[in-house]
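A.B. asks: This is a predicted model, with the sequence first.
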Amino acid sequence: MAFVVVWEFRVRPAKVGEFVQLYNTDGEWAKLFARGEGFLGTHLMRDESSPLRFVTIDRWRDATCYEAFQWRHQKDYEALDARCAPLMEHQARTGTFQTIK
């Protein structure tokens, strides 16, 4: 089983390239998350009908690993989040999910 965090983004047209670099599988967010025990990977997806809309799926071994990461790396998370904020018009965490075997 895995714990999954899903985010939705609406990116500014001139910032799509930069956004993709930061949020892709090997981008800065994934590198930051990789500092946490139990991080299993991230996936970036683009909406086919709305090219400025993206979704990320961040997978963790369990909620405890995710929460420990949040606690240990809060300052780095907040700094990267602030740096990325100008790239988008909207961002929202759509939910947390548990995978089913």
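C.D. replies: Received the coordinates, thanks.
A.B. asks: Thr25 in helix, strand or coil?
C.D. replies: State at Thr25, reduced to three classes by DSSP: H, G, I helix; E, B strand; the rest coil: coil.
A.B. asks: Over to the one 4 residues further on?
C.D. replies: At Trp29, secondary structure determined by three-state DSSP is helix.
A.B. asks: didn't it look like it was pressed against Phe19?
C.D. replies: No - if you go by Cβ atoms under 8 Å, Trp29 and Phe19 don't touch, sitting 10.5 Å apart. Yep, even glycine has a C-beta here, placed from its N, CA and C like the rest.
A.B. asks: Tell me the buried residues in whatever helix or strand Asp81 lives in?
C.D. replies: If you go by DSSP states H and E, Asp81 is part of helix 74-84. Across helix 74-84, burial judged by 16 or more other Cβ atoms under 10 Å covers Leu80, Cys84.
A.B. asks: would Ser49 count as being in a strand?
C.D. replies: No - Ser49 is assigned coil when assessed by three-state DSSP, not a strand.
A.B. asks: gap between it and Glu89?
C.D. replies: 17 Å (Cβ to Cβ, to the nearest Å).
A.B. asks: Also Thr64?
C.D. replies: For Thr64, the distance to Glu89 equals 33 Å [Cβ to Cβ].
A.B. asks: Could you check how far Gly41 is from Ala82?
C.D. replies: Gly41 is 24 Å from Ala82, where distance means Cβ to Cβ.
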